[in-house]
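S.K.: Fold the stuff below for me.
(one chain, ligands or ions: 1)
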Amino acid sequence: MVPEQTDTTPESVGETYDAFAEAGTTNALGGNIHVGYWREGQDIPITEATDQLTDLVAGRLALRPGQRLLDVGCGNGVPALRIASAHGVRVTGVTVSSREVVQAARSAEGSEAYGRVSFQLADAMKLPFEDASFDGAFAIESLLHMPDQTAALTELRRVVRPGGRLVVADLCRRLPFTGDDKAVLDGMLDVYEIARISTPDEQRAQLTASGWQLLELTDIGEQVRASYGHGAAAFRDIAAMLAAPAAARLGAAAELLEAFGKHPHAGYLLITAQRL
Ligand SMILES: C[S@@+](CC[C@H](N)C(=O)[O-])C[C@H]1O[C@@H](n2cnc3c(N)ncnc32)[C@H](O)[C@@H]1O
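M.R.: This next block holds a predicted model:
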């Protein structure tokens, strides 16, 4: 049986995101590399829904102009730029993909947040920052890639000042995937270079073990579920323009995404914690 935890490394994850950046896989999500959020009965395109998820994260950070934030696993910088522009804060983004750093820096040039955002290559499990150098931090769909999430959360606690907040948005597994369904979870881990998709209890335990005080943990899985179908369709469109091996890989990735998204055990957590 394939284990529920895989052996990712910052390098292997970086290579995966370099490849995604090269293939232009994020355009369909408005540049964000995360799910969209739809309120009850809301009918908005996926590009707006992904920004809406960013806004939910920002709303939990208790932001004040001038504050310094860390974006852990910043992708190509779209969430950081949106938050810095809307709230007048400074954001430092870290990623393990050098291509993302280049893309994010390029996007910053034309943004109203220019000069208040910066992006660099760094591993969240070993952050190159002083103790208590940030007012808060957020991690949107990045923790799941890390082989030692407790190490990353402990590092985050070190670099955030006392009283500062951490907001995590991440996929979760509500119950074990068993039988044929286990292949869907294992496939997700393998294809997307994911170390682990945690349960809500595992998330609570690792936050507490890292010294964070949990303020809120909500499963918004039903409000983000439509994203997986949109993502799969976008991957298929890109696959149609690629040569055989790459097209087959992206086609398989689309299938897994769709199957995971339809699974009732697939949830999504929005977590707010505070540094004591
Ligand atoms: C699904 S993307 C999310 C990107 C961005 N947060 C967003 O919402 O658009 C995952 C991101 O996590 C980053 N990441 C994964 N493991 C990391 C690590 N150990 N340290 C820093 N960043 C990491 C990847 O490089 C990628 O940018």
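S.K.: how far away is Ala132 from the ligand?
M.R.: To the ligand, Ala132 is 20 Å away according to Cβ to the nearest ligand atom, to the nearest Å. In short, each C-beta sits where N, CA and C put it, glycine included.
S.K.: secondary structure class for that residue?
M.R.: For Ala132, the assignment made with DSSP: H, G, I helix; E, B strand; the rest coil gives coil.
S.K.: Look up the pLDDT of it for me, please.
M.R.: Per-residue confidence (pLDDT) for Ala132: 98.
S.K.: Equivalent analysis for Glu4, please.
M.R.: So Glu4 comes in at 75 (pLDDT).
S.K.: most residues in a single helix of the protein, which one?
M.R.: Once the chain is assigned using DSSP state H, the helix that runs over the most residues is helix 244-262.
S.K.: if we look at that helix, which residues are touching it?
M.R.: 23, 25, 184-185, 187-188, 191-192, 225, 227-229, 231-233, 235-236, 238-240, 242, 266 (Cβ atoms under 8 Å, 6 or more residues apart in numbering).
S.K.: out of these, which are buried?
M.R.: 23, 25, 184-185, 187-188, 191-192, 225, 227-228, 231-232, 235-236, 238-239, 266 (16 or more other Cβ atoms under 10 Å).
S.K.: Quick one: mark the members of the residues you listed that sit in helices.
M.R.: 23, 184-185, 187-188, 191, 227-228, 231-232, 235-236, 238-239.
S.K.: From the residues you listed, pick the one nearest the ligand.
M.R.: Gly231 (10.7 Å; Cβ to the nearest ligand atom).
S.K.: Excluding chain neighbours, what is closest to that closest one?
M.R.: Distances taken as Cβ to Cβ, 6 or more residues apart in numbering put Leu257 closest to Gly231, at 5.2 Å, once the chain neighbours are dropped.
S.K.: Read off the pLDDT value for that neighbour.
M.R.: 95.
S.K.: Buried residues, stretch 268-276. List them.
M.R.: 268-275.
S.K.: So which residues of the stretch 1-150 of the chain form helices?
M.R.: 10-23, 46-59, 78-87, 98-109, 149-159 (DSSP state H, counting those that start in this stretch).
S.K.: Now do Asp7 against the ligand, distance only.
M.R.: 13 Å.
S.K.: Let's have the helices of the stretch 1-150 of the chain in CSV, adding mean pLDDT and distance to Gln120.
M.R.: Formatted as CSV, the helices of the stretch 1-150 of the chain follow (pLDDT from 0 to 100; distance: least, Cβ to Cβ, whole Å):
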stretch, mean pLDDT, distance to Gln120
helix 10-23, 91, 13
helix 46-59, 97, 20
helix 78-87, 98, 12
helix 98-109, 96, 6
helix 149-159, 98, 13
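S.K.: Would you mind finding the most buried of these?
M.R.: Of all the helices of the stretch 1-150 of the chain, helix 78-87 carries the top mean neighbour count, a mean of 23, counting by mean count of other Cβ atoms under 10 Å.
S.K.: and the longest helix of the chain, anywhere near the ligand?
M.R.: No - residues of helix 244-262 contacting the ligand under Cβ under 6 Å from any ligand atom: none, with a closest distance of 12.0 Å.
S.K.: Now find how far off-centre that helix is within its chain.
M.R.: 19 Å (Cα atoms, centre = their mean, to the nearest Å).
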